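1. return atomic coordinates for the entry below.
(one chain, ligands or ions: 1)
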Amino acid sequence: MEKAILSKSTFIKGEQCLKALYLYKNNYSLRDKMPADRVAVFNRGSRVGELAQTLFPNGINCKIGGPRQYSKAIEKTKECIQFKEKALYEAAFLANNTLIYLDILTYENEKWHAYEVKSSAKISDTYLLDAALQYYIIKKSGLKIADFHLIFIDEEYIRGEEIAVNQLFKMQDVTDQIKLMQENISQKISLQLSTLEDKKAPEISIGPHCKKPYDCDFQGFCWKGVDKSIFEIPALDFENQCQLFELKESNQLKIKFPNEIAKKQYHYQTLKKDYFDASFVQRIINQESSIIILNLLTYRPAIPWYKETKPYQTIAYAYLWSEVTLNGKIVENRFYISNNQYNPSNDIVKKLESELRDKQIFSFFEDEYLHEFYQGLNIIDFKRELIDGHIIGHNLKDYSFDGFIQAFSGKSPWYKGIMADKQAGLKYEKEFIENRNIESIQDMISDYLQDKNKYFVKTVINILKTNSND
Ligand code: SF4
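-> Next up, the predicted model:
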């Protein structure tokens, strides 16, 4: 059996950047550590895949043995095809040194039909490329398929008592589109394989491909020594940052910024000064003797776990608020985590409204939709203030919570266990929603919120002090 050198994911990596493919295959240890929130997204994908399989029930799983034992999976697939089994999951095919696992293969009306599942709500060019590769490899390995479909999530679906799987997912026949891409696929595979035979990595400069379509794992390596100042202007998108970076590198000193906030961010970055505009200062001066620091956790499950919710709807499920004196002393802490079987967001709105009405609350809403929920509360959301340019931190690199803490307290947060909201959401989804076990995670999530809170309190008090001295 020929050797599997490429796979779906390495092929997509190679299409993004041949250097990334080369490093991945030959210098794996140079990879960046995978951020906790990206691990969460991978896990979400496999859960959606399993649910989509139920559209074609009682299928045979062909993925047997470990990743190196792909020959077993290929043999199993061949056997199932020979017996014309009605549904196969993870059917394995190998051709041109490229191994693919197709999510679902069915046999109906004496024809084979291919399905690839995506946990997203939209079909992207990358998904089409991925489908085109699979179609090519399946055909090359000798199986004729009648059509190829992408299965993805219908964002408009509203869950009833139970999940209606055939309404949650949409299907699109992409056969005609991917047939047009076939010639290119064989050339692309050849180019990737020949690159891998080279003695050293191809010389490829940094650019928009470092984050598109995915964040490359080798940025720590390739970006070492690069002047990142332009890339630390959060009001610019990455493509704009790359364009301006090139202008700067070519010594075109007059950089034209596409928006006023980016221009200001660059200005204060150069001055090495923070900026708080008058409207912000007006809202934060003359505080009562204590303020509230609120950390709220939300998640956006691809699968709508609660009645009357949609896929990817923002669900609030836990919070910690602290009442803090203006010199930073915590007077009271209150933690809540929902163990409701129904959407906890509404309960959380009601609880916070009854506990915190008329208080001045400072928060950092990772999710912009949250504003719709908390209109009855007096909240200053630092993320909104940063995005609107009311606050500019000369050290602010992005609009994340950690970035905010780092910029305004000078310290990078360090977490004992859970390290990101997305990771917390994943744990909640897995332990409580799937296994109905709140005890196993509530301490972990409480610790995470305590960790966040510690940094948040310090940073907010710093900002209040800075502005009251002005
Ligand atoms: S960081 Fe950019 S240049 Fe380096 S391997 Fe990744 S995509 Fe290629």
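2. and residue 2, that one's in a helix?
-> No. The assignment for residue 2 by DSSP: H, G, I helix; E, B strand; the rest coil gives coil, which leaves it out of any helix.
3. could you report the pLDDT at it?
-> The per-residue pLDDT reported for residue 2 equals 89.
4. quick check, it in contact with residue 97.
-> Yes. Residue 2 is within contact range of residue 97, at 5.8 Å (criterion: CB atoms under 8 Å). Where C-beta positions appear, they are placed from N, C-alpha and C, glycine not excepted.
5. tally of neighbours for residue 264?
-> 17 (other CB atoms under 10 Å).
6. wait, it sits on residue 274?
-> No. If you go by CB under 8 Å, residue 264 and residue 274 don't touch, sitting 11.5 Å apart.
7. any residues in contact with both of those two?
-> Residues touching both residue 264 and residue 274 by CB atoms under 8 Å, 6 or more residues apart in numbering: residue 392.
8. same question for whichever helix or strand residue 267 is part of: list its buried residues.
-> Using DSSP states H and E, residue 267 sits within helix 260-271. Going by neighbour count (16 or more other CB atoms under 10 Å), the buried part of helix 260-271 is 261, 262, 263, 264, 265, 266, 268, 269.
9. stretch 12-26 too?
-> Within stretch 12-26, the residues scored as buried using 16+ other CB under 10 Å are 12-25.
10. repeat for stretch 387-397
-> Those buried within stretch 387-397 under the rule 16+ other CB under 10 Å are 389, 390, 391, 392, 393, 394, 396, 397.
11. identify those among those that sit within strands.
-> Cross-referencing those against strands under DSSP state E gives 391, 392.
12. quick check, nearest of the buried residues of stretch 387-397 to the ligand?
-> Closest approach to the ligand among those (CB to the nearest ligand atom): residue 397, at 17.0 Å.
13. show me what contacts the residue lying closest to residue 217 once chain neighbours are set aside?
-> Distances taken as CB to CB, 6 or more residues apart in numbering place residue 31 nearest to residue 217, at 4.4 Å, with adjacent residues excluded. The contact partners of residue 31, taken as CB under 8 Å, 6+ apart, are 23, 24, 217, 218.
14. for the ligand, what's the nearest residue on the stretch 1-150 of the chain?
-> Residue of the stretch 1-150 of the chain nearest the ligand, by CB to the nearest ligand atom: residue 17 (3.3 Å).
15. need the pLDDT of that residue.
-> On the pLDDT scale, residue 17 is placed at 98.
16. quick check, it in contact with residue 208.
-> No. Here residue 17 does not reach residue 208: they are 10.4 Å apart, not a contact under CB under 8 Å.
17. how is the protein carved up into domains?
-> Under the assignment automatic domain parsing, the domains of the chain span 6-196, 226-272, 276-469.
18. would you turn those domains into TSV with distance to residue 213?
-> Shown next, in TSV, are the domains of the chain (distance: least, CB to CB, whole Å):
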stretch	distance to residue 213
domain 6-196	5
domain 226-272	12
domain 276-469	18
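19. three-state assignment of the residue in the stretch 51-200 of the chain that the ligand sits nearest to?
-> When distances are taken as CB to the nearest ligand atom, the stretch 51-200 of the chain reaches nearest to the ligand at residue 195, 12.0 Å away. Put simply, residue 195 is helix when judged by three-state DSSP.
20. that one touches residue 22, doesn't it?
-> Yes. Contact criterion CB under 8 Å: residue 195 and residue 22 qualify, at 5.8 Å.
21. shared neighbours of these two, which are they?
-> In contact with both residue 195 and residue 22: residue 202, using CB under 8 Å, 6+ apart.
22. can you pull out the helices in the stretch 1-150 of the chain?
-> Ranges of helices within the stretch 1-150 of the chain are 8-16, 18-26, 36-53, 70-82, 125-140, based on DSSP state H, counting those that start in this stretch.
23. compare the ones you listed and say which comes out lowest on pLDDT.
-> Lowest mean pLDDT of the helices of the stretch 1-150 of the chain: helix 36-53, a mean of 76.
24. can you pull out the helices in the stretch 301-450 of the chain?
-> 345-356, 370-373, 382-387, 401-409, 421-428, 439-469.
25. the fifth one - contacts with which helices or strands?
-> Counting contacts by 3 or more CB pairs under 8 Å, 6 or more residues apart in numbering; DSSP states H and E, helix 421-428 packs against helix 36-53, strand 290-299, strand 315-325, helix 439-469.
26. neighbours around residue 82, how many?
-> Count around residue 82 with other CB under 10 Å applied: 8.
27. now residue 379. Nearest residue, chain neighbours left out?
-> In space, residue 379 is closest to residue 361, 4.6 Å off (CB to CB, 6+ apart).
28. just to check, the one you found is in contact with residue 382?
-> No. Contact criterion CB under 8 Å: residue 361 and residue 382 do not qualify, at 11.2 Å.
29. okay, those two: which has more neighbours?
-> Applying other CB under 10 Å to residue 361 and residue 382 shows that residue 382 carries more neighbours, namely 23 against 17.
30. let me know the distance separating the more buried one from residue 249.
-> Residue 382 sits 33 Å away from residue 249, going by CB to CB, to the nearest Å.
31. cool, and residue 126?
-> According to CB to CB, residue 126 and residue 249 sit 28 Å apart.
32. ok, how many other residues are close to the spatially closest residue to residue 222 that is not a sequence neighbour?
-> For residue 222, ignoring the flanking residues on the chain, the nearest one in space by CB to CB, 6+ apart is residue 206 at 5.6 Å. Using other CB under 10 Å, the number of residues around residue 206 comes to 17.
33. quick one: contacts for residue 206?
-> Contacts for residue 206 (CB under 8 Å, 6+ apart) come out as 222, 223, 226, 242.
34. are any of these buried, and which?
-> 222, 242.
35. farthest-separated two in the contacts of residue 206?
-> For the contacts of residue 206, with distances taken as CB to CB, the pair at the greatest spread is 222 and 242 (13.2 Å).
36. so how far is residue 345 from residue 293?
-> The separation that residue 293 has from residue 345, given CB to CB, amounts to 21 Å.
37. got it, and residue 16?
-> Taking CB to CB, one finds residue 16 at 36 Å from residue 345.
38. and what of residue 381?
-> 17 Å.
39. thinking again about what came up before, excluding chain neighbours, what is closest to the residue of the stretch 51-200 of the chain closest to the ligand?
-> residue 18 (4.8 Å).
40. give the contact list for the residue of the stretch 1-150 of the chain closest to the ligand.
-> Counted by CB under 8 Å, 6+ apart, residue 17 has contacts 204, 209, 210, 216.
41. which of those are buried? Put it as a ChimeraX command.
-> To isolate the buried members of the contacts of residue 17 in ChimeraX, using 16+ other CB under 10 Å:
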select :209,210,216
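42. where along the stretch 101-250 of the chain do the strands fall?
-> Here the stretch 101-250 of the chain has its strands, by DSSP state E, counting those that start in this stretch, at 111-117, 145-153, 169-173.
43. any chance of those strands in JSON lines, with mean pLDDT too?
-> JSON lines is the format used below for the strands of the stretch 101-250 of the chain (pLDDT from 0 to 100):
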{"stretch": "strand 111-117", "mean pLDDT": "98"}
{"stretch": "strand 145-153", "mean pLDDT": "98"}
{"stretch": "strand 169-173", "mean pLDDT": "98"}
